[in-house]
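Colleague: pasting the structure only:
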Ligand SMILES: Nc1ncnc2c1ncn2[C@@H]1O[C@H](COP(=O)(O)OP(=O)(O)OP(=O)(O)O)[C@@H](O)[C@H]1O
Ligand SMILES: Nc1ncnc2c1ncn2[C@@H]1O[C@H](COP(=O)(O)OP(=O)(O)OP(=O)(O)O)[C@@H](O)[C@H]1O
Ligand SMILES: [Mg+2]
Ligand SMILES: [Mg+2]
């Protein structure tokens, strides 16, 4: 028999949760579902979203990048410094993005060429890049950007309530979704996460793929760094502090397994949106900042606990229901090709596997 | 007859949708080696894992020494006198060999772990089995054969009443297998019970006192060894006759496909030169550690080489990587299927299609339907036992996993198929199928390079045999001249 | 000429961070003003981390919930500009209190303790007095980007060579307003300059950390700067610190809230001069209202003030 | 500590220790002010807290786990003890210990239960409890600050005391690390941790109660984090809502530098302690060498990366050498 046309996996559940949240919030708080507030929320989550995409890919291949907040800030810093030096905002934006790419490249080279653990390396570069921000900016943040540039941070796209940062977010969302779930490269990523040696033996250039992922992460940090500069109309060396754990938390909340090999882009999108909308809603109904921090923690814990408990439940039901022997399960509906957030995927070890 | 050491009756166990054990039974007496046989996926490992405390039966009775056996905990199983050598070696790479042997029950003195006593006891166990390894070295980097030997020592050190060996010989070559059989006999003579699982029937006849055959999770027959022959066992196992073990199809041997010249890799192998032709099956024989796997890994571009050339169909391969090797038409079925061959948590479909995704794309997107169809076709061709094509391969039995690795590489339609121990852990029925498949592929014009430690397989399948010893090519034997003695002599050197 | 503030206003009181002791006092002042003004509500909302981006959420909250006015201690002088522009466009009066923003057009007025020059020079005078006008001095500041501190430090640097040529400034150290980091920086100063005579710490976290380190390790280095009397009492009585100063955060919050209410009641402009409680305050250049010189604390008055803030 | 493994363990720590010594010597040569021993003392004081926490963290990293919630736990404990003392005009040592152990164990039990028995990934769980505990902590603390005058005398006494010239705080951390190293290298419980980290499924097969070990190590680490909260209070005689913020990554960094590899199965608490000292020594040495404030963090970061790379290379070399020696004919 068919296994049911629709299997409620974690990433789909939170998509549902997101819709419920928006409906519920809109009905219960007059300020919540206004265009203006949505504009703000989308701007507020934009950096997390932009970096969560490549971070999801990195975690799928069992790597991680803790230096993203520092890379973002360094990109913003170099954007500012270049703006002051050249007076051309285009050159400055390019310099910022290239800085991000350079940060990612260094991480990638250290991890793939020297075979170091990415968790350890990026704790190191986290400090390094942050230090370079201070070297670049000293004690004076740069804030004399042209107003046309910084106005992009709060004027909506003409005729809508959407902020301009929605553009890179949507583009990135589509590109990442396409690459991860549709292409051969995406399959490679899952393969590397599920067994990197076997992937190597299958002709996948594992190290090169990982290097590209780190560079991609750097690129997205660079873009997010520009967004950050715009939204806060300044480059400051102490921006985005503690942001890395937020990004990772969002990615994991979105159903990407820290043990690698499992994850979806829509799960990540839903997770980041839920985080943004729920924080806004709770704030609007009067919860204080401490409560919001607690909610972040609880959400994260639930994101791993619920699928595990559901998985256990499903297993025990499967044990009891009789399934005739030799019956081959009918193929699930098309479009189900991606690995789901299964209990097996959320394995308990986060270190790299080896033989 | 005296009360048996072990009596299992009506054992049933279900994994999700798979009935792994279906009222199976097994009896082992003191001083007896019982051969437990059956096709891949018949339930042998599941049955013995229950004895090891890893699984708990859904139904059934286990009696050890007339007392009810307490299931479900490895420590408990050990305390009740059961030791097991698992099908897949599982050592701790960061611990020393001595600690690997005694892990979880390290000898203590004064409340602290007594390292020197542990080393000494391991050294004496090693000496007992003629193992030439330092108990103080780390397990990391040990060859599969050596890992298997440490596993054996680990089980022996337990001083158990019932010792289970789940395909212990799969990774070993003849000399080590001999030693292993010696150990089994000695255990029997000491009055212990031994369960010996193997797909190599000749070993079973050498060492076992009786055989029990399983099929589809049930016990189909049990008999003293003297009352059965190979044909009978095979009939019980697969439910039909197997007419020919090595169905070699005569093939037209054509032009040179692979040509290797002066291939060297420091510390691994030296000055290897040979050719493989279209339609030809060339076997690479030798003892464990002779460097055969290294050579084929280098040809596939996994390991770097220090000098020499690799030429495929007249084109010299440079800056060699696995993807370039694949582009040149080379496929490699690696020796360690769990680590190198398969993505264990991924589905059968994903594993099968991984090597041919390029072909399955439309507009840059992988077609999921085509992927699944491809996998199903290969599953049918190789008679894979599976529930759903979307099931993770980790749920398959060892032999069925090996079939998935084979389909994954045959799907690439390679010009040169390299297989490293292709039938390790595969049951007789499937083995014959694999042989037939290799032979057919060769007949259809594929060149095959086969690394194998299974001498009958080498002799039965190869058109030409290359023998390696200590990283060098020492002999080349044509099919007509090949005998067991000649291969062994070349492999072991003058000393043998 | 001044209209009485209308009652029933909704005012958001946003500190740099809700869990810094200093802002408790600041908020006390704001709440006192609110009661006097009969405001509908004065909500003390703010982040747990003192950064501009974290404050942004709360400015947005005030905009969404249509507060009439915001009293803000800006954690970042630049990063809030876009948000404040938005608030202005939404018709909300923003008055900065305690810490101002760089772009003064984005807020209606600012209530500050004293001019940066006065504060910087006063601290230099305190240390010079204690070390006898000569020797090595270091500054233990908050974050390298802290706008207030940087402004004061600039004036200190200009004033020192002019007034006290025998005092040598050996460096500025940044403790990031973090107890751990500040203590570490104190030790760093002493390691690098064992002959250091004095340390100026123009931040409550820094001066307290320095005093605590001196108390636990002993030593003769003179410490002064800006600190909360309640946090410093022990060290003044214990002799680690002779004299330090601070304005009254309660007053800052109090006057800031009055200014915000005035603004919201009189067409989004803070009147040139207005009354808060019994005193009248007048705007200076750029809409800045100074409360006056910082108060100084020593053995004679610390116990009294420690009970207040 | 005889036998092969402790030989390897010691070898893993040699490179870090030599890097530390070279760094200290170099600094002392270049800056005379550093020679007085005050610099060394300052380094030891600053590294004590990180080293103390690293002792518990090492157990987890050895098992391929991680606990990022320690900073929140330590902060909460330091505040609770301080606040209790402030409200009750003082607090006794046993009372403080009780708070530390109770809070630490509570957090440890939550982490441990979720990781060990529900088999949830520890990184996710402990980022979750990091936020959760920090949120509760901030909620309780609000804007309250606990100052030195509200604390009993023994707090300051331990914080500023020293034994034979070595700061008390460091002595406490050292004792814990030595004890933990003995547990790790010479008890079955400790050896089980290495087996689990080296090959988790195999550990279950040889009958090691993997979940119980994981649970116990998390609870132990929670308790150590709780006790670290006391150290935090000793150190600063002060507590507010920011106590301990952000130190979790330093703890992990100390372990990694000290040879406790993220991939599991290797390293000891002593190594982590040396790593913690090296981490602080880098910062102090840069200052003493006159590196500008703005460059210091960048250079420290670069050195951190170098240390990680260096340790990795040396570790590879020594493993290879040992195996070569072992394979040589006897
Ligand atoms: N943990 C598990 N989860 C799900 N199914 C399992 C599990 N272990 C075994 N099975 C299934 O149970 C059946 C019996 O497997 P088992 O490993 O016992 O076979 P086997 O006789 O040892 O085969 P082989 O000779 O290939 O090793 C197979 O169909 C296998 O897929
Ligand atoms: N995957 C591996 N990783 C690291 N070292 C390996 C690996 N495989 C083999 N080796 C090492 O290379 C040596 C040569 O073993 P190799 O497997 O090449 O021999 P072989 O002749 O192919 O024997 P086998 O029958 O085991 O395949 C072994 O002693 C082992 O130490
Ligand atoms: Mg089996
Ligand atoms: Mg081999």
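Modeller: Okay, I see it. Just so it is clear, the structure is predicted and the values come from calculations on it, not from any experiment. Ligands and ions are numbered 1, 2, ... in the order given.
Colleague: contacts for the helix or strand hosting residue C:96?
Modeller: Secondary structure from DSSP states H and E places residue C:96 in strand C:93-97. Here strand C:93-97 makes contact (C-beta atoms under 8 Å, 6 or more residues apart in numbering or on different chains) with C:26, C:68-74, C:84, C:87-88, C:106-112, C:252-253, C:255-257, C:259-260, C:263-264, C:268, C:270. (Glycine included, C-beta is placed from N, CA and C.)
Colleague: in helices only, show me those.
Modeller: Judged by DSSP state H, the contacts of strand C:93-97 include C:26, C:84, C:87-88, C:252-253, C:255-257, C:259-260, C:263-264 as members of helices.
Colleague: okay, now the residue in the stretch 1-150 of chain B that chain D sits nearest to: neighbour count?
Modeller: Nearest residue of the stretch 1-150 of chain B to chain D, counting by C-beta to the nearest C-beta: residue B:115, 2.5 Å away. Using other C-beta atoms under 10 Å in any protein chain shown, the number of residues around residue B:115 comes to 24.
Colleague: and the gap between it and residue D:181?
Modeller: 15 Å (C-beta to C-beta, to the nearest Å).
Colleague: Three-state assignment for the residue nearest the centre of chain D, please.
Modeller: Geometric centre of chain D, nearest residue: residue D:54, 1.6 Å, by C-alpha atoms, centre = their mean. Three-state call for residue D:54 (DSSP: H, G, I helix; E, B strand; the rest coil): helix.
Colleague: give me the residue from chain B nearest chain C.
Modeller: For chain B, C-beta to the nearest C-beta, closest residue to chain C: residue B:94, 34.3 Å.
Colleague: now do the host helix or strand of residue D:212: which elements does it pack against?
Modeller: Using DSSP H and E, residue D:212 sits within helix D:210-236. In this structure, helix D:210-236 makes packing contacts with helix C:179-192, helix D:38-62, helix D:70-88, helix D:93-112, helix D:153-160, helix D:168-186, helix D:188-198, helix D:200-205, judged by 3 or more C-beta pairs under 8 Å, 6 or more residues apart in numbering or on different chains; DSSP states H and E.
Colleague: chain center to it: distance?
Modeller: The chain centre lies 10 Å from the centre of helix D:210-236; the measure is C-alpha atoms, centre = their mean, to the nearest Å.
Colleague: between helix C:179-192 and that helix, find me the angle.
Modeller: 60 degrees (axes from the mean of the first three to the mean of the last three C-alpha atoms, to 10 degrees).
Colleague: pLDDT averaged over helix D:210-236, what's the number?
Modeller: Average pLDDT, helix D:210-236: 94.
Colleague: distance of the spatially closest residue to residue A:264 that is not a sequence neighbour from residue A:257?
Modeller: The shortest distance from residue A:264 to any non-neighbouring residue, by C-beta to C-beta, 6 or more residues apart in numbering or on different chains, is to residue A:11 (4.5 Å). Distance from residue A:11 to residue A:257, counting by C-beta to C-beta: 11 Å.
Colleague: quick one on the thing from earlier: any idea which helix or strand comes after the helix holding residue D:212?
Modeller: Following helix D:210-236 in sequence, per DSSP H and E, is helix D:248-257.
Colleague: what about the ones in helices among the contacts of strand C:93-97, which one has the most neighbours?
Modeller: Most neighbours among the ones in helices among the contacts of strand C:93-97, by other C-beta under 10 Å: residue C:260, with 38 neighbours.
Colleague: that residue touches residue C:70, doesn't it?
Modeller: Yes: if you go by C-beta atoms under 8 Å, residue C:260 and residue C:70 touch, sitting 6.9 Å apart.
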